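>>> Next come a sequence and a model predicted from it.
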Amino acid sequence: MNLEQQLIQRLQELSPVHLEVVNESSGHGGYFPGKESHFKVIVVSDIFQGLRLVQRHQKIYAAAGDLLAPSRIHALAIHAFLPSEWQGQDTPSPECAHAPKAE
């Protein structure tokens with residue numbers, strides 16, 4: 001099972017009504033086909049009710065657990081919403097300073 005699949009499986013424990021996991025590794029330095037190092041997640045769940053943003057992120061970090069290690073997932077962009085907050089927002093990621101340059 002690849003890292004993306006493992007991350008999806010672990011985030012299921014948050015009972016999401018919407019879950020997106022996007023492998024953004026190709027936009028970062030040192031990328032090669034098949035590399036899995038940078039991800040963005042959008043998690044929409046009632047489990048975030050009453051939690052501040054940092055507490056929501058902590059729940060996601062806890063669910064991801066040991067997948068968040070330099071030799072595994074190097075970076076994780078998190079967007080955590082309650083169902084009442086989620087409107088299908090665009091959640092763009094910033095450009096990486098070390099991204100491969102177009103020739």
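Everything's here; your move. Residues are numbered from 1 along each chain as shown.
>>> for the helix or strand where Ala77 lies, packing partners?
Ala77 is part of strand 75-81 when elements are defined by DSSP states H and E. Under the contact criterion of 3 or more Cβ pairs under 8 Å, 6 or more residues apart in numbering; DSSP states H and E, the helices and strands touching strand 75-81 comprise strand 38-44, helix 53-64. C-betas here are computed from N, CA, C, even on glycine.
>>> how about these in TSV, adding mean pLDDT?
TSV is the format used below for these (pLDDT from 0 to 100):
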stretch	mean pLDDT
strand 38-44	93
helix 53-64	98
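>>> now, of those, which is deepest in the fold?
strand 38-44 (a mean of 21; mean count of other Cβ atoms under 10 Å).
>>> what pairs with that strand, and is each one parallel or antiparallel?
Partner strands for strand 38-44, per DSSP bridges, with pairing direction: strand 18-23 (antiparallel), strand 75-81 (parallel).
>>> Could you say which of those strands is packed most deeply?
strand 75-81 (a mean of 18).
>>> Between helix 53-64 and it, find me the angle.
Computed with axes from the mean of the first three to the mean of the last three Cα atoms, to 10 degrees, the direction of strand 75-81 lies at 120 degrees from that of helix 53-64.
>>> what pLDDT, on average, does strand 75-81 get?
For strand 75-81, mean pLDDT rounds to 93.
>>> what residue ranges in the chain score low on pLDDT?
Judged against pLDDT under 70, the low-scoring parts of the chain cover residues 26-35, 94, 96-103.
>>> 80 instead, please
Within the chain, the set of residues satisfying pLDDT under 80 comprises 1, 25-37, 92-103.
>>> before we move on, the earlier item: is it possible to get the strands paired with strand 38-44 out as JSON lines so that each row also shows distance to Thr91?
Compiled in JSON lines, the strands paired with strand 38-44 are given as follows (distance: least, Cβ to Cβ, whole Å):
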{"stretch": "strand 18-23", "distance to Thr91": "8"}
{"stretch": "strand 75-81", "distance to Thr91": "5"}
